[in-house]
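*Asks:* coordinates only, sequence not included:
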């Protein structure tokens, strides 16, 4: 009985237009951002901007400001 009720509800939702394709929204790229990079993994080698979400991976030999020096 439950399957029949579910089918009827889906049919009703489809007729009311709940399953119509929504218009695609284009994401505007941020032109200027004063980046504030923070580490997002435990190795602190992958950084992401907290404002726009840009991701930056530290390359081998690059100075990591988040590593503690001994």
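*Replies:* All right, it came through fine. Here the structure is a predicted model, which means the values were calculated and not measured.

*Asks:* the bottom helix or strand of this structure by mean pLDDT?
*Replies:* helix 2-16 (a mean of 81; mean pLDDT, DSSP states H and E).

*Asks:* now that helix: how far from the chain's centre is it?
*Replies:* 32 Å (C-alpha atoms, centre = their mean, to the nearest Å).

*Asks:* which other helices and strands contact the following helix or strand past it?
*Replies:* Next helix or strand after helix 2-16 toward the C-terminus (DSSP states H and E): strand 37-39. Judged by 3 or more C-beta pairs under 8 Å, 6 or more residues apart in numbering; DSSP states H and E, strand 37-39 is in contact with strand 46-49. The way it works is simple: take the backbone N, C-alpha and C, and place the C-beta from them, glycine included.

*Asks:* direction included, what does the strand it packs on pair against?
*Replies:* Strand 46-49 has the following sheet partners, assigned by DSSP bridges: strand 37-39 (antiparallel), strand 55-57 (antiparallel).

*Asks:* got the buried residues for that strand?
*Replies:* 47-49 (16 or more other C-beta atoms under 10 Å).

*Asks:* then stretch 41-60?
*Replies:* For stretch 41-60, by 16+ other C-beta under 10 Å, it's 45, 47-49, 58.

*Asks:* in those, find the pair that's most separated.
*Replies:* Pairwise distances across the buried residues of stretch 41-60 peak at 15.6 Å for 45 and 49 (criterion: C-beta to C-beta).

*Asks:* so how far is residue 2 from residue 10?
*Replies:* Per C-beta to C-beta, to the nearest Å, residue 10 is found 13 Å from residue 2.

*Asks:* okay, these two: which has more neighbours?
*Replies:* Higher neighbour count among residue 10 and residue 2: residue 10, with 12 against 6, using other C-beta atoms under 10 Å.
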